[in-house]
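Asks: Any chance you can model this:
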Amino acid sequence: MTALNQTRVLLAELIAYPTISTDSNLTMIEHLAGLLEDSGARVEVMASPCGTKANLFATLGPDAPGGIVLSGHSDVVPVADQNWTSDPFEMIERDGRWYGRGSCDMKGFIAAVVAMVPSFAAQVNDRPLHFAFTHDEETGCIGAGHLAAELQARGIKPGVAIIGEPTSMRIIEGHKGCYEYTTRFQGLEGHGSSPETGVSAVEYAVRYVGKLLELKDRLRVLAPDSSKFEPPWTTVNVGALQGGVAHNVIASKAAVEWEMRPVQESDADLVKSTLRTYCDEVLLPQMRAVHPEASIETEVIGEVAGLIPTDENEARRIVAELTGANGADLVPFGTEAGIFQGLGMDVVVCGPGSIEQAHKADEYVEIDQMEQCLAMLERLAARL
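Replies: The predicted structure follows:
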């Protein structure tokens, strides 16, 4: 069976696992573990703290520092309320495309990598080749964070990571971080005709949003001169404001869902410290003057590091040689790449499919893209 046909079979199997982030990925991970073990890889399934999900980390070649990591996430986004023309968890081939949830984001890359494992095993030599398949990327790169902590604790230090997110096989050397939060306000309910007897959580949430918007404007002028991002500054977005029950009731609860995408860590520190001071010194004293139990609490949904472009990057050099690409780009969307970079690896993002198809109904990956990916991996095997 050719590598492309094997990839097709594997991708159909992976799509059939409904690994939506809210659900378990264990059956898919166990299936991949079996395939890797059959080719002689040393495989470990690392359970999540909740026990219903897991990362997979496997190695071919010597037990030595350095080496290359090929990484992808196993979870997919929901299909609810999307108008699919076919079963999202059954792969369909049509018009030179493979359709199905996760086909490009990012089970296509995982299928191609696993299809190539026998070839990798036959040719690996003095440099280890690692495989990292994670859980919960779509909900804050939680699995990659767990994996990074495990690798660090065990002293496992790969040198290069290739993250196979859908980039149309372009080399991506940088993207902003993605920090997501929910800030909840607890006030005191009352009658709307007597505002002085209650604490409106909605009103204080609105003032908090106002401070976020001030910071949003302030961050524009703090963009580094060397920033290659578009836009070049750290952005802030208020995604949702929820609270209140009726026109004439003082709202006792409210919540603000917001995010920032920092281009530098100092910007994230500025936003968080400014908001903390504003709450502690302005909002909370006013709320507690009426209701001592009033509170403002911020839940960290996820703080995913960005991928910072560097002058020297072995991963960029290797993938450029494998693909023939002449340059590297930046993208606005986030990935797990910054987490691997934080472990000291040189990292790029490069994989089949377009991000324009990700998360949508009738998600697909073009077969031509899969062929390009397999060609890259075949050249990598020849180098091992």
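Asks: any idea where the strands of the stretch 51-200 of the chain begin and end?
Replies: In the stretch 51-200 of the chain, strands defined by DSSP state E, counting those that start in this stretch lie at 54-60, 68-73, 92-94, 97-99, 129-134, 160-163, 172-175, 178-186, 190-191, listed in chain order.
Asks: Also the stretch 201-350 of the chain?
Replies: Taking DSSP E, counting those that start in this stretch as the test, the strands found in the stretch 201-350 of the chain are 235-243, 249-250, 253-261, 295-304, 329-331, 346-349.
Asks: so which of the ones you listed gets nearest residue 321?
Replies: strand 346-349 (12.1 Å; CB to CB). Glycine gets a C-beta too; all of them are placed from N, C-alpha and C.
Asks: Could you find the closest non-adjacent residue to residue 113?
Replies: residue 70 (5.0 Å; CB to CB, 6 or more residues apart in numbering).
Asks: show me the residues around that neighbour that make contact.
Replies: 113, 129, 130, 131, 132, 162, 164 (CB atoms under 8 Å, 6 or more residues apart in numbering).
Asks: now swap in residue 309 and tell me
Replies: Counting by CB under 8 Å, 6+ apart, residue 309 touches 173, 174, 228, 328, 330.
Asks: Farthest pair within the residues you listed?
Replies: Once CB to CB is applied, those give 228 and 328 as the farthest pair, at 10.1 Å.
Asks: who's more crowded, the two?
Replies: Higher neighbour count among residue 228 and residue 328: residue 328, with 19 against 12, using other CB atoms under 10 Å.
Asks: Let me see the backbone angles for that one.
Replies: Dihedral angles phi and psi of residue 328 (degrees, to the nearest 10) take the values phi -140, psi 150.
Asks: what residues are up against it?
Replies: Residues counted as contacts of residue 328 (CB under 8 Å, 6+ apart) are 170, 171, 172, 173, 309, 316, 320, 348.
Asks: Ranking by neighbours, what's the top pick from those?
Replies: Ranking the contacts of residue 328 using other CB under 10 Å puts residue 348 first, with 27 neighbours.
Asks: Name the residues linked to that residue by a beta bridge.
Replies: residue 162 (DSSP bridges).
Asks: Would you state the predicted confidence (pLDDT) at it?
Replies: On pLDDT, residue 348 comes in at 98.
Asks: just the helices in this protein please.
Replies: 3-15, 26-38, 108-115, 117-123, 142-154, 201-220, 265-278, 284-290, 314-323, 337-341, 367-383 (DSSP state H).
Asks: want to try JSON lines for these, with distance to residue 252 and mean pLDDT as columns?
Replies: Below are the helices of the chain laid out as JSON lines (distance: least, CB to CB, whole Å; pLDDT from 0 to 100):
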{"stretch": "helix 3-15", "distance to residue 252": "45", "mean pLDDT": "97"}
{"stretch": "helix 26-38", "distance to residue 252": "40", "mean pLDDT": "98"}
{"stretch": "helix 108-115", "distance to residue 252": "47", "mean pLDDT": "98"}
{"stretch": "helix 117-123", "distance to residue 252": "56", "mean pLDDT": "96"}
{"stretch": "helix 142-154", "distance to residue 252": "31", "mean pLDDT": "95"}
{"stretch": "helix 201-220", "distance to residue 252": "6", "mean pLDDT": "98"}
{"stretch": "helix 265-278", "distance to residue 252": "21", "mean pLDDT": "96"}
{"stretch": "helix 284-290", "distance to residue 252": "11", "mean pLDDT": "98"}
{"stretch": "helix 314-323", "distance to residue 252": "51", "mean pLDDT": "97"}
{"stretch": "helix 337-341", "distance to residue 252": "38", "mean pLDDT": "96"}
{"stretch": "helix 367-383", "distance to residue 252": "52", "mean pLDDT": "97"}
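Asks: so which of those helices is the most packed in?
Replies: Comparing those by mean neighbour count (mean count of other CB atoms under 10 Å), helix 108-115 ranks first with a mean of 28.
Asks: Check which helices and strands it sits against.
Replies: helix 3-15, helix 26-38, strand 68-73, strand 129-134, helix 367-383 (3 or more CB pairs under 8 Å, 6 or more residues apart in numbering; DSSP states H and E).
Asks: Mind doing that once more with 7 Å?
Replies: Packed against helix 108-115 by the contact rule (3 or more CB pairs under 7 Å, 6 or more residues apart in numbering; DSSP states H and E) you find helix 3-15, strand 68-73, helix 367-383.
Asks: ok so, going back, and the contacts of residue 309, which is closest to residue 36?
Replies: residue 173 (28.4 Å).
Asks: who's in contact with that closest one?
Replies: Shown in contact with residue 173 (CB atoms under 7 Å, 6 or more residues apart in numbering): 309, 313, 316, 328, 330, 348.
Asks: Can you give me the distance of residue 23 to residue 89?
Replies: For residue 23, the distance to residue 89 (CB to CB, to the nearest Å) stands at 12 Å.
Asks: For the two, indicate the residue with more neighbours.
Replies: Between residue 23 and residue 89, counted using other CB under 10 Å, the more crowded position is residue 89 (17 against 14).
Asks: who's in contact with the residue lying closest to residue 349 once chain neighbours are set aside?
Replies: Distance criterion CB to CB, 6+ apart; nearest residue to residue 349, sequence neighbours excluded, is residue 172 at 3.9 Å. Neighbour list for residue 172: 328, 329, 330, 331, 348, 349, 350 [criterion: CB under 7 Å, 6+ apart].
Asks: May I have the residues that are in contact with the residue nearest to the third one when sequence neighbours are not counted?
Replies: Setting aside the residues directly before and after it, residue 330 is nearest to residue 174 in space (CB to CB, 6+ apart), at 4.4 Å. For residue 174, the contacting residues are 228, 307, 308, 309, 330, by CB under 7 Å, 6+ apart.
Asks: If we use 8 Å, what do you get?
Replies: 228, 229, 306, 307, 308, 309, 330, 331.
Asks: now stretch 245-256: how far from the chain's centre is it?
Replies: Its chain's average C-alpha position is 33 Å from that of stretch 245-256, according to CA atoms, centre = their mean, to the nearest Å.
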